[in-house]
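K.L.:
Starting from these lines, generate the structure:
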Amino acid sequence: MTYTSINDIKANVTTKWSHPNCKFQRGDRVRVNAHVLPNVISSYFSKPIQERAASEGHVIAVSCTPDGKIRGRSANGFCERMYTRYYVQFADKSIFGIHSHALTLAG
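P.N.:
Residues are numbered from 1 along each chain as shown. The predicted model follows:
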């Protein structure tokens with residue numbers, strides 16, 4: 001799904017984090033890598049995200065549990081976090097939520 005504002009995102013996200021184990025921090029410039037293409041992971045990523053392969057943008061938010069944690073156990077004691085989705089804003093101001101394994105730091 002394409003967003004134009006953080007307020008449009010319906011998932012639980014935070015814009016303030018500093019956990020040292022996070023792959024990216026707010027403001028990092030990232031590149032969408034080839035893992036989004038259908039021949040690598042068959043149709044797992046949406047077509048709009050596939051069209052962003054090799055594009056660069058800035059991380060502006062990260063997915064989290066309802067209590068705001070992006071690492072560790074949730075309030076009920078279970079580890080609800082399997083994958084971390086980073087929300088990346090591109091030059092055209094569109095925002096996409098993309099799993100961390102499909103992003104790399106841009107030089």
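
K.L.:
And the pLDDT for the nearest residue to Ser63 once chain neighbours are set aside?
P.N.:
Leaving aside its chain neighbours, Ser63 sits nearest to Arg85 (4.2 Å; criterion: Cβ to Cβ, 6 or more residues apart in numbering). In this view, the C-beta of every residue, glycine as well, is placed from N, C-alpha and C. You'll see Arg85 listed with a pLDDT of 93.

K.L.:
got a list of what Arg85 touches?
P.N.:
Ala11, Val62, Ser63, Gly97, Ile98, His99, Ser100 (Cβ atoms under 8 Å, 6 or more residues apart in numbering).

K.L.:
Which parts of the chain are strands?
P.N.:
With strands called from DSSP state E, the chain shows them at 2-3, 13-14, 29-32, 56-63, 85-90, 95-99, 103-105.

K.L.:
Test my guess that Pro32 contacts His101.
P.N.:
You called it Pro, but residue 32 is Val. No - the pair Val32 / His101 is not scored as a contact, 11.2 Å apart, by Cβ atoms under 8 Å.

K.L.:
and those two? which has more neighbours close in?
P.N.:
Val32 (25 against 13; other Cβ atoms under 10 Å).

K.L.:
Could I get the contacting residues of the closest residue to that one other than its chain neighbours?
P.N.:
The shortest distance from Val32 to any non-neighbouring residue, by Cβ to Cβ, 6+ apart, is to Arg52 (4.6 Å). Counting by Cβ under 8 Å, 6+ apart, Arg52 makes contact with Val32, Val36, Phe90, Phe96, Ile98.

K.L.:
what about the residue sitting nearest the centre point of the chain, distance to Tyr44?
P.N.:
Against the mean C-alpha coordinate of the chain, by Cα atoms, centre = their mean, the closest residue is Tyr86 at 1.6 Å. Going from Tyr86 to Tyr44 by Cβ to Cβ, to the nearest Å gives 16 Å.
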